[in-house]
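J.: Quick one, what's the 3D model for this:
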Amino acid sequence: MKRGGWIVKMVAMGLIFIGLLGLVTQLLWNWLVPVLFSGPLITFWQALGLLILSKILLWPFGKKHHHQKGGYWKPYWREKWNRMTDEEKSQFKQKMREKCGWGRPNEPTEKSGQ
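T.: Numbering: from 1, shown residues only. Have a look, this model is predicted:
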């Protein structure tokens with residue numbers, strides 16, 4: 001019995017969340033678009049339709065596309081780094097320090113005040 005109540009609560013919370021998201025979308029659209037672009041006012045259902053359309057067009061499909069730390073290029077750069085010789089790694093680090101300020105700062109060659 002407790003599990004059924006939990007499921008009902010989760011479904012209700014999900015519906016409330018979707019409703020609030022649709023309402024916020026409608027309010028923002030009707031506040032901004034007519035003034036900025038002379039666009040039409042939309043209804044709540046049209047706002048939900050826009051959310052579904054944006055999901056279809058903009059959000060990735062499937063679990064393999066979830067964001068990972070370092071992004072999609074991390075495996076490429078890790079392999080490239082592992083193929084570099086120690087000399088190439090040293091040159092790369094030096095270039096990054098010079099151009100981007102990346103890594104630890106170089107030790108000063110001369111001490112000031114002497």
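
J.: Skip ahead from the longest helix belonging to the chain and say which helix or strand is next.
T.: Looking across the chain with DSSP state H, the single longest helix is helix 2-37. From helix 2-37 onward toward the C-terminus, using DSSP states H and E, the following helix or strand is helix 44-58.

J.: the inter-axis angle of that next one versus helix 2-37?
T.: Orientation note: helix 44-58 sits at an angle of 90 degrees relative to helix 2-37 (axes from the mean of the first three to the mean of the last three C-alpha atoms, to 10 degrees).

J.: Contacts for helix 44-58 next, please.
T.: Outside helix 44-58, the residues within contact range by C-beta atoms under 8 Å, 6 or more residues apart in numbering are 18, 21-23, 25-26, 29, 42. All C-beta atoms are positioned from the backbone trio N, CA, C, and that covers glycine.

J.: got the buried residues for that helix?
T.: In terms of neighbour count (16 or more other C-beta atoms under 10 Å), helix 44-58 has its buried residues at 47-48, 51.

J.: Cys100: which of the residues you listed is nearest?
T.: Checking the buried residues of helix 44-58 against Cys100 by C-beta to C-beta gives Leu51 as the nearest, at 38.8 Å.

J.: what's the spacing between the closest one and Leu23?
T.: In this structure, Leu51 and Leu23 are separated by 11 Å, where distance is defined by C-beta to C-beta, to the nearest Å.

J.: same check, this time on Phe92
T.: 51 Å.

J.: mind showing which ranges of the chain have poor pLDDT?
T.: Across the chain, the stretches falling below the confidence threshold (pLDDT under 70) are 1, 61-70, 102-114.

J.: Adding distance to Glu87, write the buried residues of helix 44-58 out as TSV.
T.: Written out in TSV, the entries for these read as follows (distance: C-beta to C-beta, whole Å):
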residue	distance to Glu87
Ala47	59
Leu48	59
Leu51	53
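
J.: if I pick Leu20, what's in contact with it?
T.: The neighbours of Leu20, taking C-beta under 8 Å, 6+ apart as the test, come to nothing; the list is empty.

J.: And for Ile18?
T.: Contacts here follow C-beta under 8 Å, 6+ apart; on that basis Ile18 touches Leu48.
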